[in-house]
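Trainee: What would the 3D arrangement of this be:
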Amino acid sequence: MDLATRRAALSLAALPLAAPPLLAQAPTRLRVSVIPVLDVAPLHAAIREGYFTAEGIEIDTSTTAGGATGLPGLVAGQFRVVFSNTVSILLGIREGLDFRFIAGAAAGTANPPDIFAILTRKGSGIVSGKELEGKRIASNTRNNIVWLRGMAWVEKTGGDWRRVTTVEVPFPQMADALAGGQIDAGIFSEPFASGALATHGDRLERIGWPIHETAPGSTVAQYVAMKEDLDRNGEVFDRFARALFRGVDWVDANRGTPALLELIAGFSRVPVERLRQVALPTYPKSVSVAEVAEVVTTMSRYGMGGRYPAPASLIHRTAAV
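Mentor: Below you'll find the predicted structure:
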């Protein structure tokens, strides 16, 4: 072997090994903050059915008491994606946080039964917002979409929302707090409304549908990420959205089936038999300018006004209509 040949061989030996094919690489791990409500069924479906795996993504979910609770973790980098309600997201944006909508999550139904319900104790005499003045009503967190639609219902049914005291109670504990007299009413999200009536039906009753009676079919929640992360890693979120939307399709195709009820029971800890009569939300994939604008207008009416960016600027391409 001559000198030139030996040098060529040594040069080839020094080259790094070729990169493994994409499918052999470790999946992209995304930590996602969720709460145990019906709204996140498509996410869990996409995990179970392998849609995220097919996109090279590993989802690690972390459960919190409310959507607002996960947002600080998004800012701190603990989460890459957060499921949250529209109000809490917009309040963060109003304060200068660069949240962006990356996918729709849930909206109310056109007709009852709906996904939010107002429950009281039987015999309490509370039948409308008027009787709730001076009383305590529970929301899972204050100043979120549950609270907003609840206060709109109070006003719509004759009460002054400013004279109602809000108590923060996580959904799983709300029925016991109401039955035990710690609160006078609760704004429940499904499946906890149906679960409360199944468990405490002799003591509790439903008196209202806060979404249907104030803004039928309106938006409830979305998935968000940080703008900086989206700018740097947009392709990852494209893959996330594709998998999530396949989960939406799976849920819509399996409405009313045991497979969907078992999926929901697994993450909500509500028994399947209690889920049979539960109203499911609609599961929009996109986020529209009109729905964001409606929530901003309603927030301003109930003490959460301020300067908000143009809704169109808040919607990432994965959520665009």
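Trainee: From here on, just use CA atoms for contacts and neighbour counts.
Mentor: OK.
Trainee: which residues are contacting the top helix by length along the chain?
Mentor: Longest helix in the chain by number of residues (criterion: DSSP state H): helix 234-253. Contact with helix 234-253 is made by 28, 41-46, 49, 51-52, 54-55, 57, 102-103, 230, 260, 283, 285, 318, as judged by CA atoms under 8 Å, 6 or more residues apart in numbering.
Trainee: quick one: buried residues of that helix?
Mentor: 234, 236-248, 250-251 (16 or more other CA atoms under 10 Å).
Trainee: Just the contacts of helix 234-253: which are in helices?
Mentor: Those of the contacts of helix 234-253 lying in helices (DSSP H): Ala41, Pro42, Leu43, His44, Ala45, Ala46, Tyr51, Phe52, Ala54, Leu230, Leu260.
Trainee: Just the buried ones among the contacts of helix 234-253, please.
Mentor: The neighbour-count test (16+ other CA under 10 Å) marks 41-46, 51-52, 55, 57, 102-103, 230, 260, 283, 285, 318 as buried among the contacts of helix 234-253.
Trainee: Just give the closest residue to Ala45, not the sequence neighbours.
Mentor: Nearest residue to Ala45 in three dimensions, chain neighbours excluded: Gly247, at 5.2 Å (CA to CA, 6 or more residues apart in numbering).
Trainee: count of residues packed around Asp160?
Mentor: The local packing of Asp160 (other CA atoms under 10 Å) involves 18 other residues.
Trainee: can you check Ser268 too?
Mentor: Applying other CA under 10 Å, we find 19 residues neighbouring Ser268.
Trainee: How about the contacts made by it?
Mentor: Pro36, Val37, Leu38, Pro191.
Trainee: In a strand, Ala312, correct?
Mentor: No. Counting by DSSP: H, G, I helix; E, B strand; the rest coil, Ala312 is located in no strand; its state is helix.
Trainee: per-residue confidence for it?
Mentor: If you check Ala312, the pLDDT there is 97.
Trainee: Now go through the contacts of Ser268 and say which are in strands.
Mentor: Applying DSSP state E to those, no entry is found in strands.
Trainee: between those residues, which has the most around it?
Mentor: Going by other CA under 10 Å, Pro191 tops the contacts of Ser268 with 29 neighbours.
Trainee: Just confirm that residue contacts Ile35, I think it does.
Mentor: No. Judged on CA atoms under 8 Å, Pro191 makes no contact with Ile35 at a distance of 12.0 Å.
Trainee: Got the domain ranges for this structure?
Mentor: 26-108+219-319, 116-208 (automatic domain parsing).
Trainee: Just give me the neighbour total for the residue lying closest to Lys227 once chain neighbours are set aside.
Mentor: Of all residues not flanking Lys227 in the chain, Asp98 sits nearest, at 5.5 Å (CA to CA, 6+ apart). Residues near Asp98, counting by other CA under 10 Å, number 17.
Trainee: which residues in this protein form helices?
Mentor: Ranges of helices in the chain, per DSSP H, are 3-14, 41-48, 51-54, 67-76, 86-94, 145-156, 171-179, 192-200, 227-232, 234-253, 258-268, 272-275, 289-301.
Trainee: Save the contacts of Ser268 as a markdown table, and put in pLDDT and distance to Met151 too.
Mentor: Below are the contacts of Ser268 laid out as a markdown table (pLDDT from 0 to 100; distance: CA to CA, whole Å):
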| residue | pLDDT | distance to Met151 |
| --- | --- | --- |
| Pro36 | 85 | 23 |
| Val37 | 85 | 21 |
| Leu38 | 90 | 22 |
| Pro191 | 84 | 21 |
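Trainee: What are the buried residues along stretch 161-172?
Mentor: Trp161, Val164, Thr165, Thr166, Val167, Val169, Pro170, Phe171, Pro172.
Trainee: Among those residues, which one lies nearest to Pro309?
Mentor: Trp161 (26.9 Å; CA to CA).
Trainee: And that closest one, how far from Gly306?
Mentor: According to CA to CA, to the nearest Å, Trp161 stands 20 Å off from Gly306.
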